[in-house]
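take a look and give me a structure for this.
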Amino acid sequence: MTPQDDNNLLGETAKPFLKHLDDLRRALVWSTAALLIGMGTACYFAPAFFKILKAPLKGVVPNPDTFIRTLDVTGGMNVALQTIIWGGVLMSAPVIVFSICWFVFPGLTRRERRILLGGLGVAALLFITGVLMCYFRALGPALEIMLWFNSWMGIDIEYFTVTSYIGFVLKLLLSFGLTFELPIVILILGQLGIINSRQLRDKRRHAIVIILVLAAIITPTQDLVCQLILALPLIALYELCVWIIWAREKRLISRPG
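All right, here's what the predicted structure looks like:
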């Protein structure tokens, strides 16, 4: 059955080109409005958000509040803008994803829609898991290693500039969150029948090498600790994807008819 046939079963007909443009305009309006509302909310909570980002410094340096400084007149404004923009993106992400799905759905079959909707919840959970793992497990060791490298090179570091610290933390958090989305791609490809568990098992060694390389490229720091903290859970998630897809294949084989 083709996608067009499946859409006909749903009582849908092909939309004219101008109607697609109108749907795209509406999706962009929803996404922009959600982003602006999210940024407005992040603006109100920006000082609290900044305190959360400073918390990993506790236990790394004696006094985190005085260890982060700025030498620029616009330092505080730059930090505020970074927290507002990224906070707005994070809070508006569900609406933006929904808008994209709403625009794409008419071109998908019923089965593809069901798989995509099921994947959205898992994708959000994996993103949050990656961010939390980075915040609670990777940020502290990464900061300690950066300080160690300065000491090893004979550089006396008295403080971090606020813009470099916030940029470092946000990049690391985003790197972990986005990298944890990789398993959902594997699961969706498996659900659509594009790949199978045997292919994943046969390419396991290649996958591990790719994951290690990605961890080395994506993490803003080049220390082995952060790379392993990112790579090891991804390898475990890869194995979990293999078992999930294998279990689905067994169900399909054992299903009567």
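
any idea which helix or strand comes after the worst-scoring helix or strand of the chain on mean pLDDT?
Sorting the helices and strands of the chain by mean pLDDT, DSSP states H and E puts helix 3-9 at the bottom, at a mean of 44. Scanning forward in sequence from helix 3-9, with DSSP states H and E defining helices and strands, the next element found is helix 17-44.

just how off-centre is the helix or strand that that following helix is followed by within its chain?
Under the assignment DSSP H and E, the closest C-terminal helix or strand after helix 17-44 is helix 46-54. Averaging C-alpha positions (C-alpha atoms, centre = their mean, to the nearest Å) puts helix 46-54 20 Å from its chain's average.

and helix 46-54, C-alpha only, in CSV?
Extracted in CSV, the C-alpha atoms of helix 46-54 (Å, rounded to 0.1, in the frame of the first residue of the first chain):
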residue,chain,number,x,y,z
ALA,A,46,17.4,34.2,34.2
PRO,A,47,19.1,35.0,37.6
ALA,A,48,17.9,31.7,39.0
PHE,A,49,19.0,29.8,35.9
PHE,A,50,22.5,31.4,36.2
LYS,A,51,22.8,30.1,39.8
ILE,A,52,21.9,26.6,38.6
LEU,A,53,24.7,26.8,36.0
LYS,A,54,27.2,27.9,38.6
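
the residue lying closest to Leu192 once chain neighbours are set aside: neighbour count?
Distances taken as C-beta to C-beta, 6 or more residues apart in numbering place Ile115 nearest to Leu192, at 6.5 Å, with adjacent residues excluded. Every residue, glycine included, has its C-beta placed from N, CA and C. Residues near Ile115, counting by other C-beta atoms under 10 Å, number 17.

remind me which residues of this structure are low pLDDT?
1-20, 104-108, 112, 220-223, 256-257 (pLDDT under 70).

for it, just list every one of the strands.
68-69, 160-161 (DSSP state E).

now these in a markdown table, with mean neighbour count and distance to Val97?
As requested, the strands of the chain are arranged in a markdown table below (neighbours: other C-beta atoms under 10 Å; distance: least, C-beta to C-beta, whole Å):
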| stretch | mean neighbour count | distance to Val97 |
| --- | --- | --- |
| strand 68-69 | 18 | 33 |
| strand 160-161 | 17 | 34 |
